[in-house]
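*Asks:* please find the sequence and the predicted model below.
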Amino acid sequence: MSDVLNDAEFARSRLRADRPSPAIPLLLLAAVVIGGIAMTFIQAGPTSFYFADPARLTYWVVASLAAYLVMILIARRQGHRRGIWVDRSPLALAGAAALLVAVVIVMSWLAPGDLLIRGNVPVLALAVGVLVWAMLENRPGLWILSTALVPLALLANLYNMENILYRMGVPSFAYAEQIANLGAVAVVLLVGAGAFAVAHRVATRRLRRIA
């Protein structure tokens, strides 16, 4: 009986160790958001609003789609190497569909001005993709991440989070609004990626001990 239990435990540990981690997709999404922060410094003109800058919107579309494509390719490679396939296309399709809606909303002004003025609606599309991913993959960690990410992405469009920095004594600096708003989203994605990476490493070490 103990051999059966040991074999079952080994099988579960092997599955957790071999199953591709969400760390890389989350890291790619964080890179997209960090690139969005960099784009804050590239504006069409000194009086341009973020939402009216076509370069920023183009960046979000190109960078997001590239990240989704890379996720799919990496997942396929991991499947060939480990024999355990994880389909990232639902995340990519949901994120791309939400991004298309975001672009239509931004270009057509189909939302209240308070939501559009900061030019961060594509971040909401990114958060929707993660939420759908959590629903389909049913990982507790992804549920926790999406629960934090969705309201934070909404807040990044409706509130100037640099106010929190000022209350903490941080002096004013250029582009503080966008750096704080997008930076908060990027930090959550990076923390999530790091947590999943550590969990995967722990699972791998546990498998080695059992083996």
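*Replies:* Cool, the structure landed. Numbering: from 1, shown residues only.
*Asks:* how about P112, phi and psi?
*Replies:* Here is the backbone geometry of P112 (degrees, to the nearest 10): phi -60, psi 150.
*Asks:* make that G169, sorry
*Replies:* Backbone phi and psi, for G169 under degrees, to the nearest 10, turn out to be phi 100, psi 10.
*Asks:* how about H80?
*Replies:* Summarising the backbone geometry of H80 under the convention degrees, to the nearest 10, its torsions are phi -70, psi -40.
*Asks:* quick check: the gap between it and F173.
*Replies:* Using Cβ to Cβ, to the nearest Å, H80 is found at 47 Å from F173. Using the backbone N, CA and C atoms, a C-beta is placed for each residue, glycine as well.
*Asks:* how about the nearest residue to the spatially most central residue of the chain, chain neighbours excluded?
*Replies:* For the chain, the residue sitting closest to the mean C-alpha position, by Cα atoms, centre = their mean, is L29 at 4.0 Å. Ranked by Cβ to Cβ, 6 or more residues apart in numbering and with sequence neighbours excluded, the top spatial neighbour of L29 is L189, at 5.3 Å.
*Asks:* and that neighbour, how many residues sit next to it?
*Replies:* For L189, the number of neighbouring residues by other Cβ atoms under 10 Å comes to 27.
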